[in-house]
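Asker: Predicted structure and sequence below. I'll ask about it afterward.
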Amino acid sequence: MNNKNPVMKIQNISFKKHLSKLIYKNITLELQQGEMLFLKMDTAKDVSNFGDLTSMLIPPLDGRIFFDGKDLNTLPSSLKEESRYYIKRVFEGKGFISNLTIAKNIMLSELHHTKRKEKDIQEEIIKLSQIFDITDIFNLRPFRCSKLHLKLAQWIRALSGTSKLIILEDPFTRDNMKNQLLFDILNEKVKTGISVIWLLHSMYKYKILEAENIEIIDFNQNFRDLGNQ
Amino acid sequence: MPILKSTGIIFFKRIRQLNFYITLSLSVFILSLNPYNWKRTVRNVLARQILFTGIDAFRFLSIVAFIVGIIIVVQLKLWLNQAGQSELLGHILVSVVIRELAPLITTLIIIARSGTAIATELATMRVEDETTVLEAQGIDPVKYLVMPRMIGIAISVFSLTIFFIFIAIIGGYLSGQLIYDEMGIPSLFIKSILQAITLDDIYNLLIKTTCIPFLIGAICCTQGLQIEGAITEVPQATSKACEYSIELLFICSALVSIITYMR
């Protein structure tokens, strides 16, 4: 018997591929507590679009999305904001506010939504940053950091605080050791009941996943609307 | 006829825009009354806005206020002495500085210094898709970006206008004393000014230094946030914000003066 609750339930949604007539149709997915889902998308834009769609930042053409049992589309804005706090994202793009330092960026959501002491949040992100070896960029603004460092900082943001769902948009870097580290930490998180959606695009980075024999759902093959090309 | 038609189109477009800015300002004002919306991150943005708009502008504003005070008193003294009405100096100083110049010049300086900076900053954030990053983290851009900026501008303009008045009066008194040596003792000069201030002056000053800057904040934030996403739109948004803000400042200042003093 499955006692777990669905964290995210996507019901018959459709959405339009960026700059194309192609429509992804009848997407029905369910993600239980402590489950990982791997989706291979066509382009980087599809990855970020689907990320926005699952966080209800853009509405689907059709269908409904439930997070933690609640239909995000029908929630009042304050509850929607609260729900989004529990969805951590590693964005496909830069994902930072340029006038805040990396540390402030990482802490922003925690400082905004919780009453945790700033010192405690700082301690948590310092611990994580020591794991990924990026403590020296904390006081820099995002434009001063390399792409690798920005991605690692995004990992720290996604892994810190309280979350129910982590959405990873093409999260891996060219540094395989760090990728393996992220994968291991996420596996630990999954054991504690956190769910993870991997949205993959640049497949050459994902040798680790191939080695782990993980089933990756090809989005294009499964959900493409053949009648609308 | 085409000129009349295009003038009409522009007029109604401006009315619609003004309606939008007033609605936005009221919505933001109502949002700001709810303590739940003043989370520590939002309070931080407000503090930074006041620092940038209010405190950082103080030195420049002081210089302008001091010079304005000198110019006005020199001119007034010259003409009032010729008319034999030098006892009216306090009244006219109140009329010119407190009622009109102080709020007008302070707001103009803030538009040039902070209004344009806000429009540019928010437009760049739109181009970089940073508002989506905020929303994805459950942070409402209106509450986090717009509300503290609008309130920050209103608080800063109000405080800076009070400083402007003090510094302009000090500048006026000192210059009058140095040039004409007939300003009398400071307490008498201040007394003549205080006697000239009416309740209407205070209402007029309050509206001009809080409501109008609040609207200007709405204009600058809206112009910044409504761009579609190309970097070339950023300077356009900034100049539009500046243009609309100055337009609104002069029109509203005139309207407030007419309503207050022409009754």
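Answerer: Yes, it's here. Quantities reported herein were computed from a predicted structural model and do not represent experimental measurements.
Asker: Find the nearest non-adjacent residue to the single nearest residue of chain A relative to chain B, please.
Answerer: Nearest residue of chain A to chain B (Cβ to the nearest Cβ) works out as A:Arg84 at 3.4 Å. Where you see a C-beta, it was placed from the backbone N, CA and C, and this is true even at glycine. Spatial nearest neighbour of A:Arg84, excluding adjacent residues (Cβ to Cβ, 6 or more residues apart in numbering or on different chains): B:Gly138 at 3.4 Å.
Asker: The one you found and A:His113 touch, don't they?
Answerer: Yes: contact criterion Cβ atoms under 8 Å: B:Gly138 and A:His113 qualify, at 6.2 Å.
Asker: Give the intersection of the neighbour lists for the two.
Answerer: By the contact definition Cβ atoms under 8 Å, 6 or more residues apart in numbering or on different chains, B:Gly138 and A:His113 are jointly contacted by A:81-82, A:85.
Asker: Reformat these as TSV; add pLDDT and secondary structure.
Answerer: Formatted as TSV, those follow (pLDDT from 0 to 100; DSSP: H, G, I helix; E, B strand; the rest coil):
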residue	pLDDT	secondary structure
A:Glu81	90	helix
A:Glu82	90	helix
A:Tyr85	93	helix
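Asker: Report the buried members of those residues.
Answerer: Neighbour counting by 16 or more other Cβ atoms under 10 Å in any protein chain shown classes A:81, A:85 among these as buried.
Asker: okay, and the helix or strand of the chain with the least pLDDT?
Answerer: By default, I'm working from chain A. helix A:207-211 (a mean of 72; mean pLDDT, DSSP states H and E).
Asker: let's do chain B instead
Answerer: helix B:89-93 (a mean of 79).
Asker: Need the nearest residue in space to B:Gln223, chain neighbours excluded.
Answerer: B:Gln223's closest residue in space is B:Ala241 (Cβ to Cβ, 6+ apart), at 3.8 Å.
Asker: okay, now that neighbour: neighbour count?
Answerer: 26 (other Cβ atoms under 10 Å in any protein chain shown).
Asker: Chain A contacts on chain B?
Answerer: Residues of chain B lying close to chain A (Cβ under 8 Å from any Cβ of the partner chain) are B:36, B:39-42, B:121, B:124-125, B:128-130, B:132-140, B:144.
Asker: switch the cut-off to 7 Å
Answerer: For chain B, the residues in contact with chain A (Cβ under 7 Å from any Cβ of the partner chain) are B:39-41, B:121, B:128-130, B:132-133, B:135-140.
Asker: just the buried members of these?
Answerer: B:39, B:41, B:121, B:128-130, B:132-133, B:135-140.
Asker: What count of nearby residues applies to B:Thr118?
Answerer: Thr isn't right for residue B:118; it's Ile. Neighbours of B:Ile118 (other Cβ under 10 Å): 29.
Asker: Give me the pLDDT value at the residue of chain A closest to chain B.
Answerer: If you check A:Arg84, the pLDDT there is 92.
Asker: and it, what element?
Answerer: helix A:77-85 (DSSP states H and E).
Asker: and for that helix, what are the contacting residues?
Answerer: Applying Cβ atoms under 7 Å, 6 or more residues apart in numbering or on different chains, the contact partners of helix A:77-85 are A:55-56, A:67-68, A:70, A:72, A:75, A:109, A:113, B:136-140.
Asker: which is the next helix or strand following it?
Answerer: strand A:87-90.
Asker: average pLDDT for that next one?
Answerer: 94.
Asker: and that strand with chain B, contact?
Answerer: Yes: applying Cβ under 7 Å from any Cβ, one finds strand A:87-90 touching chain B at A:Arg89.
Asker: Which other helices and strands does that strand contact?
Answerer: helix A:147-159, strand A:165-169 (3 or more Cβ pairs under 7 Å, 6 or more residues apart in numbering or on different chains; DSSP states H and E).
Asker: Please identify the deepest-packed of the ones you listed.
Answerer: strand A:165-169 (a mean of 24; mean count of other Cβ atoms under 10 Å in any protein chain shown).
Asker: Could you list every helix and strand in contact with the helix or strand just after it?
Answerer: Per DSSP H and E, the first helix or strand lying C-terminal to strand A:165-169 is helix A:176-191. Under the contact criterion of 3+ Cβ pairs under 7 Å, 6+ apart, helix A:176-191 touches helix A:118-132, helix A:147-159, helix A:207-211.
Asker: in the shortest one, what's buried?
Answerer: Neighbour-count burial for helix A:207-211 flags A:Leu209 (criterion: 16+ other Cβ under 10 Å).
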